[in-house]
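> Need a 3D model of the sequence below.
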Amino acid sequence: MTRRPPRLVFLTTAAERQMRRWIARRGSAHAAAHGQQRNGGQGFGAPAAGVLLHLADHPGATIGEVTTALQASPAGASGLLARMERADLVRRRTDPDDRRTVRLDLTPTGTAALDDVRTALAELNDRLTDGFTDDELATVSRWLEHVTRTLS
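Numbers count the residues shown, from 1 in each chain. So this is what the prediction gives:
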């Protein structure tokens, strides 16, 4: 009898969906705790958290650079960045050396939200890795990196 392989695509997709929901719930809780109505009162989700993290490491990144880092479509990134700008998380500025280039920076509100994102992601990582050995986590990491490379 042949053993059926694990349903890795389904399991990976389901896990990603649950992580996005968890991050969105934390973003909504952050917005409510701070009396803010981000993204139409929905808080911020995983893509917005990704923008905050990218801009923290790459201040003044261009819209194209942020889009690439998020692996997003230009239209999707544009809408997300517009919502984040309205929520005072990021600001756009014209590049002084090339007026056609728009750069993005975190606002003080965005920096405060970034602290909450980092705290939430540390908690999420702790929850997801609890009960696994370093060797098991290394195997999972290696497999996820393999999937990313294989499908790029």
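
> Report the rounded mean pLDDT for stretch 11-20.
Stretch 11-20 shows a mean pLDDT of 93.

> Show the low-confidence segments of the chain, by residue range.
1, 30-31, 34-43 (pLDDT under 70).

> Tell me where the protein has strands.
61-62, 90-94, 102-106 (DSSP state E).

> export the ones you listed to JSON lines and tack on mean neighbour count and distance to Trp143?
Yep, even glycine has a C-beta here, placed from its N, CA and C like the rest. Converted to JSON lines, the strands of the chain look like this (neighbours: other CB atoms under 10 Å; distance: least, CB to CB, whole Å):
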{"stretch": "strand 61-62", "mean neighbour count": "16", "distance to Trp143": "30"}
{"stretch": "strand 90-94", "mean neighbour count": "14", "distance to Trp143": "34"}
{"stretch": "strand 102-106", "mean neighbour count": "18", "distance to Trp143": "33"}
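
> CSV please, covering the ones you listed and showing distance to Ala72.
Conversion of those to CSV gives the following (distance: least, CB to CB, whole Å):
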stretch, distance to Ala72
strand 61-62, 13
strand 90-94, 15
strand 102-106, 14
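
> Ala69: which of the ones you listed is closest?
In terms of CB to CB, the element of those nearest to Ala69 is strand 61-62, at 7.6 Å.

> right, and the strands of the chain - which one's nearest Phe44?
strand 90-94 (11.1 Å).

> How far does the closest one sit from its chain's centre?
19 Å (CA atoms, centre = their mean, to the nearest Å).

> Would you give the sheet partners of it, along with the direction of each?
Strand 90-94 pairs in its sheet with strand 102-106 (antiparallel), by DSSP bridges.

> And the contacts of the strand it pairs with?
Residues from elsewhere that reach strand 102-106, judged by CB atoms under 8 Å, 6 or more residues apart in numbering: 51-52, 55-56, 59-63, 66, 81, 89-95, 114.

> repeat that with 7 Å
With CB atoms under 7 Å, 6 or more residues apart in numbering as the test, strand 102-106 has contacts from 52, 55-56, 59-63, 66, 81, 90-95, 114.

> Stretch 66-82 now?
Contact with stretch 66-82 is made by 47-48, 50-51, 54, 63, 90, 104, as judged by CB under 7 Å, 6+ apart.

> Pull out the buried positions in it.
Within stretch 66-82, the residues that qualify as buried are 66-67, 69-70, 72, 77, 80-81, counting by 16 or more other CB atoms under 10 Å.
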